[in-house]
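Peer 1: kindly generate the corresponding structure for this input.
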Amino acid sequence: MYNTILAIESSCDDTSAAIITEGIVRSNIVASQEAHRLYGGVVPEVASRAHQNNIVPVVKKALDDANMTVSQLDAIAFTRGPGLIGSLIVGISFAKALALSQGIPLIEVNHLQAHVLSAFAKKPYPSFPFLCLTVSGGHTQIVLVRAPLDMEIIGQSIDDAAGEAFDKSGKMMGLDYPAGPIIDKLAQKGQPIFEFPQPRIQGYNYSFSGIKTAFKYFLRDQVAENPNFVQENLHDIAASIQHRIVTILLQKLRKAARNLNINQISIAGGVSANSYLREKLQEMGKKERWDTYIPPFEYCTDNAGMIAVAAQFKYHEGIFTDQSVGPLAKWKF
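Peer 2: Numbers count the residues shown, from 1 in each chain. Alright, predicted model coming up:
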């Protein structure tokens, strides 16, 4: 028998609520915060205050779109971490109060595990075991997924995440925040004609700090010779830095897939919305004879739909939490 779960996501700067019932995400509402663009990055205090303003209307919209009422809910799920403490507190406090008022259980969800399980938000689904490349502004991981609740991080960034590399490179180019989607657009009209170094990191781990530094000095030297270099070569610069970041990501993923003899491959996280990454993953998948699973755009960035999917697996296993639960800024799995 299926259950109906309200899921809440508030780990960073997006307030989101979703309803899942009968195994299907019925609604997935996200309220983004534009204020952070003024600062070139997420300001925690601004984010938490915006969550307070957004959470009630977002939850109401999720219920309305799913044609559901609070009395029909079987459980409330929420992101416990990792994330910004102030932002997490808003979502957790709301979830606890609503669950208490309705006498229904709470389900805590790890934000990063939810990204991985976004592969089950829409059919077709990968079969187990599979590898998931999770790429976002704060995390870059290769995850071995043996079962919905049995995951192991086998590779990760030892410094900057891929999303940070995109955003910091974009800032050096004078682009708005967040720069990743802007680089993606610019790169579509350019060619990767500029070379950047390939990090030599053992195993399946990543490093993007060297790319960031190399990019900084590349721009410095080119601008010293031609002050208009960035403006005159904007599309090719974007294509070149994007090509290098994506190449680094996929080479390690291919190495892991070959060594572990796994042909079920998925991607997740905000950077999985990058068109070049999606294109190159599919190309590599054909050559390697992988079955590749790329989530719809609405499940790439932070959203409650993926929290709902993860919560449903926990609900079926009877894994709940209680009213004493608190946020975790860092939460490994």
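
Peer 1: which stretch of helix or strand covers Tyr177?
Peer 2: Using DSSP states H and E, no element contains Tyr177; it sits outside every helix and strand.

Peer 1: my guess is it meets Lys168, correct?
Peer 2: No - look at Tyr177 against Lys168 with CB atoms under 8 Å: they stay out of range, at 10.2 Å. No exception for glycine: its C-beta is placed from N, CA and C like everyone else's.

Peer 1: out of these two, which sits in the busier spot?
Peer 2: Legend: neighbour count by other CB atoms under 10 Å for Tyr177 and Lys168, higher for Lys168 (19 against 16).

Peer 1: can you pull out the residues in contact with the host helix or strand of the more buried one?
Peer 2: Assessed by DSSP H and E, Lys168 sits inside helix 162-172. Here helix 162-172 makes contact (CB atoms under 8 Å, 6 or more residues apart in numbering) with 40-41, 135-138, 140, 160, 176-180, 182-183, 206, 208, 211-212, 215-216, 219, 241-242, 245, 248-249, 269-271.

Peer 1: any idea which residue of this structure is furthest from its center?
Peer 2: Distance from the C-alpha centroid of the chain peaks at Glu225, with 38.5 Å (CA atoms, centre = their mean).

Peer 1: what sits against it?
Peer 2: With the criterion set at CB under 8 Å, 6+ apart, Glu225 makes contact with nothing.

Peer 1: mind saving the C-alpha coords of the helix holding Lys168 as PDB?
Peer 2: Extracted C-alpha coordinates of helix 162-172, given in PDB (Å, rounded to 0.1, in the frame of the first residue of the first chain):
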ATOM      1  CA  ALA A 162      33.000  21.300  -9.600                       C
ATOM      2  CA  GLY A 163      30.200  23.800  -9.100                       C
ATOM      3  CA  GLU A 164      32.600  26.100  -7.200                       C
ATOM      4  CA  ALA A 165      35.100  25.800 -10.000                       C
ATOM      5  CA  PHE A 166      32.400  27.000 -12.500                       C
ATOM      6  CA  ASP A 167      31.300  29.800 -10.200                       C
ATOM      7  CA  LYS A 168      34.700  31.000  -9.300                       C
ATOM      8  CA  SER A 169      35.900  30.900 -12.900                       C
ATOM      9  CA  GLY A 170      32.800  32.800 -13.900                       C
ATOM     10  CA  LYS A 171      33.500  35.500 -11.300                       C
ATOM     11  CA  MET A 172      37.000  35.900 -12.800                       C
END
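
Peer 1: now it: buried residues?
Peer 2: Ala162, Gly163, Glu164, Ala165, Phe166, Asp167, Lys168, Ser169, Gly170, Met172 (16 or more other CB atoms under 10 Å).
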